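A.B. asks: sequence isn't available, so here's the structure alone:
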């Protein structure tokens, strides 16, 4: 009797060769992309899935600058997946599971590549759990500013624009993928941990206090924040019982009192100007000037380097509509954030006995708005719709000339239609993403009898200063 070699099923061979597949004729998944191809940050974000919720459980020890974290990431596959990537810079990964099953993983640069035990089918909902720890990194942006995890005298501050959130939790860190958040943070007793959304619980045990924050509305990860330190906390309501939570460094409390007292008035004015507030709470986080070099529109409660003036508070609160609720599809569209927020400052001044938007526009065009001639010239360095590279997405043309684009639209259509446009834009893309093409098309639909070609060609995309104001 002859012996036959044992038959190895085709599916088993595939498993050996590809690490995972499906018997019974299923489609073999492919790895998700390790970046979304953003024109300025091509490695930011990841392809193949959409995150719907982040559950972060964090413990921070300021004396050692040590963070311990567990991230539970709920997502939906947008293709058949054999592997997927998360953005995570620094920190030590201890384990990764997908739907409670251990997964293989490896690190390359900012990419954490996860290989589930079984392929994920297109439209599958799944949960990745990553356990990690270490000292989070401070990231230097292309423009030289610092983000990520910023140690402070009594704690730390986490800021994420444009890519810094990957310094403190793994995720799909691109503004096009927004998600709800639940963040539980444990810190030494006597410190506060302040984040986005609403504080749902605060408990102290064995010398440590745990703060639990919930954000139901989707957040772009660059607008997620965590502030750990000693703060004077205020809980009030503004604008039809909207909860307002402010956290102020004690050394900034006196200097901040007057401007924070304007919060109810600013929020009422903003709703009248931009439409219903898109979130369930508001507020502010005010740090010391030497802890942070800039203000940032973190969702629900923007962060400030010391007590802001009124115009800066207006600017960052306007971002709650334009930038946080309506977020850019790519970082090329930054002017849709900053141009709107800058124009909000002009509108506030106009409505409160200051210079009109037209007067500010005329001075900028004439080149005598700023004391320094170089500042007046800087706004014409490039078109707001086409920043030259990643180092310049927060330069004056994006802010100031972006605001001038909006003023040219206002000149073209008149005040009534202009306010319909900016309120309708915020409502149409509420909690979503949009780009410049979406905006120009929206404007043209709202005023079909007007010719916007000069606005787009000369002010939005044109090089240099247009010949006519």
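C.D. replies: Structure's in. What do you need? Values in this document were obtained by computation on a predicted structure and should not be read as measured data. Numbering: from 1, shown residues only.

A.B. asks: report the longest helix in this protein, please.
C.D. replies: helix 335-351 (DSSP state H).

A.B. asks: which outside residues touch the helix or strand just after that one?
C.D. replies: Sequence-wise, the next helix or strand downstream of helix 335-351 (DSSP states H and E) is helix 357-366. Residues outside helix 357-366 that contact it (CB atoms under 8 Å, 6 or more residues apart in numbering): 343, 346-347, 349-350, 369, 376, 379, 400, 404, 407, 410, 465, 469. Where C-beta positions appear, they are placed from N, C-alpha and C, glycine not excepted.

A.B. asks: could you do stretch 348-355 as well?
C.D. replies: 266, 269, 310, 311, 314, 346, 356, 357, 360.

A.B. asks: neighbours of the last one, how many?
C.D. replies: Using other CB atoms under 10 Å, residue 360 has 22 other residues around it.

A.B. asks: next: the fifth one.
C.D. replies: Using other CB under 10 Å, residue 314 has 24 neighbouring residues.

A.B. asks: quick check: it touching residue 346?
C.D. replies: No - Residue 314 is not in contact with residue 346 according to CB atoms under 8 Å; the separation is 9.8 Å.

A.B. asks: quick one: buried residues of stretch 380-395?
C.D. replies: For stretch 380-395, a neighbour-count test (16 or more other CB atoms under 10 Å) marks 380, 381, 382, 383, 384, 385, 387, 390, 392, 393, 394, 395 as buried.

A.B. asks: any idea how far apart the tips of that stretch sit?
C.D. replies: 10 Å (CA to CA, to the nearest Å).

A.B. asks: now stretch 79-95
C.D. replies: End to end - CA to CA - stretch 79-95 spans 25 Å.

A.B. asks: follow-up on the earlier one: ok, so of the contacts of stretch 348-355, who is nearest residue 55?
C.D. replies: residue 266 (32.6 Å; CB to CB).

A.B. asks: SS state for that closest one?
C.D. replies: helix (DSSP: H, G, I helix; E, B strand; the rest coil).

A.B. asks: wait, isn't it in contact with residue 317?
C.D. replies: Yes - assessed by CB under 8 Å, residue 266 is found in contact with residue 317 at 6.0 Å.

A.B. asks: between the two, which one's more packed in?
C.D. replies: The residue with more neighbours, out of residue 266 and residue 317, is residue 317; 25 against 21, by other CB under 10 Å.

A.B. asks: residues touching that one, list them.
C.D. replies: Residue 317 neighbours (CB under 8 Å, 6+ apart): 266, 267, 270, 282, 302.

A.B. asks: same thing but 7 Å
C.D. replies: Residues in contact with residue 317 (CB atoms under 7 Å, 6 or more residues apart in numbering) are 266, 267, 270, 302.

A.B. asks: just among these, which is most surrounded?
C.D. replies: Busiest of the contacts of residue 317 [other CB under 10 Å] is residue 302, holding 26 neighbours.

A.B. asks: which strand or helix spans the nearest residue to that residue once chain neighbours are set aside?
C.D. replies: Nearest residue to residue 302, sequence neighbours excluded (CB to CB, 6 or more residues apart in numbering): residue 316, at 3.6 Å. Using DSSP H and E, residue 316 sits in helix 310-318.

A.B. asks: same check on residue 272?
C.D. replies: helix 263-274.

A.B. asks: next structured bit after that helix?
C.D. replies: According to DSSP H and E, the helix or strand after helix 263-274 is strand 282-287.

A.B. asks: that following strand pairs with which strands?
C.D. replies: According to DSSP bridges, strand 282-287 forms sheet pairs with strand 242-248 (parallel), strand 303-305 (parallel).

A.B. asks: could I get these as CSV with distance to residue 187?
C.D. replies: Output for the strands paired with strand 282-287, formatted as CSV (distance: least, CB to CB, whole Å):
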stretch, distance to residue 187
strand 242-248, 13
strand 303-305, 17
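
A.B. asks: quick one: closest of these to residue 231.
C.D. replies: strand 242-248 (3.9 Å).

A.B. asks: so how far is that closest one from its chain's centroid?
C.D. replies: 20 Å (CA atoms, centre = their mean, to the nearest Å).

A.B. asks: same deal with stretch 176-192?
C.D. replies: On CA atoms, centre = their mean, the centre of stretch 176-192 falls 15 Å from that of its chain.

A.B. asks: what do you get for stretch 452-468?
C.D. replies: 29 Å.

A.B. asks: same deal with stretch 374-393?
C.D. replies: Remark: stretch 374-393 is offset 21 Å from the chain centroid, using CA atoms, centre = their mean.

A.B. asks: let me know the average pLDDT across that stretch.
C.D. replies: Across stretch 374-393, pLDDT averages out at 97.

A.B. asks: next, the distance between the ends of stretch 196-212.
C.D. replies: 10 Å.

A.B. asks: could you do stretch 166-174 as well?
C.D. replies: Start-to-end, stretch 166-174 (CA to CA) is 10 Å.

A.B. asks: next helix or strand past the element among helices and strands of the chain having the smallest mean pLDDT?
C.D. replies: None of the helices or strands of the chain scores lower by mean pLDDT, DSSP states H and E than helix 10-18, at a mean of 36. With elements assigned by DSSP H and E, the helix or strand that comes after helix 10-18 is strand 30-31.

A.B. asks: list the buried residues of stretch 252-265.
C.D. replies: Quick answer for stretch 252-265 (16+ other CB under 10 Å): 252, 253, 256, 259, 260, 263, 264.

A.B. asks: quick one: contacts for the third one?
C.D. replies: Looking back up the chat, that one is residue 256. Residue 256 neighbours (CB under 7 Å, 6+ apart): 248, 286, 307.

A.B. asks: try it again with 10 Å
C.D. replies: Applying CB atoms under 10 Å, 6 or more residues apart in numbering to residue 256 gives the contacts 232, 234, 246, 248, 249, 284, 286, 304, 306, 307, 308, 313.

A.B. asks: so who does the fifth one touch?
C.D. replies: Right, the one you point to is residue 249. Applying CB under 10 Å, 6+ apart, the residues contacting residue 249 are 152-154, 227, 229-232, 255-256, 285-289, 291, 304, 306-307.

A.B. asks: now stretch 309-321, how far from the centre of its chain.
C.D. replies: That offset, for stretch 309-321, works out to 15 Å (CA atoms, centre = their mean).

A.B. asks: quick one: mean pLDDT for it?
C.D. replies: Here the average pLDDT along stretch 309-321 is 98.

A.B. asks: do the same with stretch 325-332
C.D. replies: pLDDT averaged over stretch 325-332 gives 98.

A.B. asks: how long is it from one end to the other?
C.D. replies: Terminal-residue distance, stretch 325-332 (CA to CA): 17 Å.

A.B. asks: how far off centre is that stretch?
C.D. replies: On CA atoms, centre = their mean, the centre of stretch 325-332 falls 9 Å from that of its chain.
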